[in-house]
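Enquirer: next comes the sequence, and after it the predicted model I'd like to discuss.
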Amino acid sequence: MFDKMSRAIMLSIAENETVRRLTTKYGMADENSFARRFIAGETLEEGIESTKKLNEEGLTATLDLLGENVTKIEESHAARDVFLNILDQIQKTKVDSNISMKLTQLGLDLGNDICIENVSKVIEKAKSFDNFVRIDMEGSDYTQNTLDVFKHLYEKYPENTGIVLQSYLYRTEFDVRDMNNLGARVRLCKGAYREPEIVAFQNKKMVDLNYTRCAELLITEGNYPGIATHDEAIIDHIKAFVEEKSISKDKFEFQMLYGIRRDLQDQLVKEGYNMRIYVPFGTEWFPYYSRRLGERIGNVLFILKNMYRESTDGKDTI
């Protein structure tokens, strides 16, 4: 009940322009500002530096330039060029990271052709570096179009691009089976957007049940899936499942978000599981930040407790 309330409240806050302006002004002001709990920084250099530290601890990364829903072709080209530069810097610095991007950031609202042209240039560079691009999933209004664009790109770049699916949508088990048939790499998450009852489960138990069902399908029939969750009960279920089925730990990877359950991240690495951390950065961090807070009441309480300064002593358990 409290998680559902915090989710509704924070998603509403994410849409409030006044709160957005105030939070954006102070949230990343210095290295101890509260938004850095979940955001690596506003610059690529900060993202790369955070990735280096994760690599030193045995974790791989996915770098993501935050932003979505551009309204001009010039903005889509600018985002494309930043992603090209991210790939260049990954190659130059030798950090162990791929990238993730939203199609609306690359011009999906301006037309599929514009978006595909932009994304293709990014994936082409990733291919030249033997790297990988994850196409992120957005709200349900974009689900089918995102999958259509992904399938088009996948025909040309099957080794260098993957997709994200969200277990709170009713359709996701069908999409998992479809992606497994293609051989596409899937990142499975629960979903962080406000969705209506007509398309999405509203009950956490049903979201979790659908998650475990889809995760099992991906692990047994899919292509190196990313099991993206901080839910310890689900993680324990997956660990027991792969042990029971004698599935090697290198057939999949766990994935988590930057700054969440760092204790559990370390534990899974020590147990021999592959662990990838989603590392967001950029100036357009407020919508992402608000959605992260809305996922768990514990995240909200953490920020309220440390609104002006986060302690840097030790690792928390959120």
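Expert: Nice, I can see it. Numbers count the residues shown, from 1 in each chain.

Enquirer: could you use CA atoms for every contact and neighbour count after this?
Expert: Fine.

Enquirer: low pLDDT regions in this structure?
Expert: For the chain, applying pLDDT under 70 flags the ranges 1-36, 285-318.

Enquirer: which parts of it are helices?
Expert: Listed in chain order, the helices of the chain (DSSP state H) span 2-14, 17-27, 44-56, 73-93, 112-128, 143-156, 172-182, 204-221, 232-244, 262-270, 286-295, 297-305.

Enquirer: center of the protein, which residue is that?
Expert: In the chain, the centroid-proximal residue (C-alpha atoms, centre = their mean) is Tyr278; its distance is 5.5 Å.

Enquirer: so that residue makes contact with Met256?
Expert: Yes - under the criterion of C-alpha atoms under 8 Å, Tyr278 lies in contact with Met256, with a separation of 6.2 Å.

Enquirer: quick one, what contacts the residue nearest to the centre of the chain?
Expert: Going by C-alpha atoms under 8 Å, 6 or more residues apart in numbering, Tyr278 touches 61-64, 255-258.

Enquirer: go with 6 Å
Expert: By C-alpha atoms under 6 Å, 6 or more residues apart in numbering, the contact set of Tyr278 is 61-62, 257-258.

Enquirer: show me the one of the helices of the chain that comes nearest Asp136.
Expert: Nearest to Asp136, of all the helices of the chain, is helix 143-156, at 8.6 Å by C-alpha to C-alpha.

Enquirer: dump the closest one to CSV, restricted to CA.
Expert: The C-alpha trace of helix 143-156 is given here as CSV (Å, rounded to 0.1, in the frame of the first residue of the first chain):
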residue,chain,number,x,y,z
THR,A,143,5.6,0.0,-26.8
GLN,A,144,4.5,-1.4,-30.1
ASN,A,145,6.3,1.3,-32.2
THR,A,146,9.4,0.8,-30.2
LEU,A,147,9.3,-3.0,-30.9
ASP,A,148,8.6,-2.4,-34.6
VAL,A,149,11.6,-0.1,-34.8
PHE,A,150,13.8,-2.5,-32.9
LYS,A,151,12.8,-5.4,-35.1
HIS,A,152,13.8,-3.3,-38.2
LEU,A,153,17.2,-2.6,-36.6
TYR,A,154,17.7,-6.1,-35.4
GLU,A,155,17.5,-7.5,-38.9
LYS,A,156,20.7,-5.6,-39.7
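
Enquirer: now do that helix and helix 112-128, the angle between them.
Expert: With axes from the mean of the first three to the mean of the last three C-alpha atoms, to 10 degrees applied, the angle from helix 143-156 to helix 112-128 works out at 40 degrees.

Enquirer: buried sites along helix 143-156?
Expert: 143, 146-147, 149-151, 153-154 (16 or more other C-alpha atoms under 10 Å).
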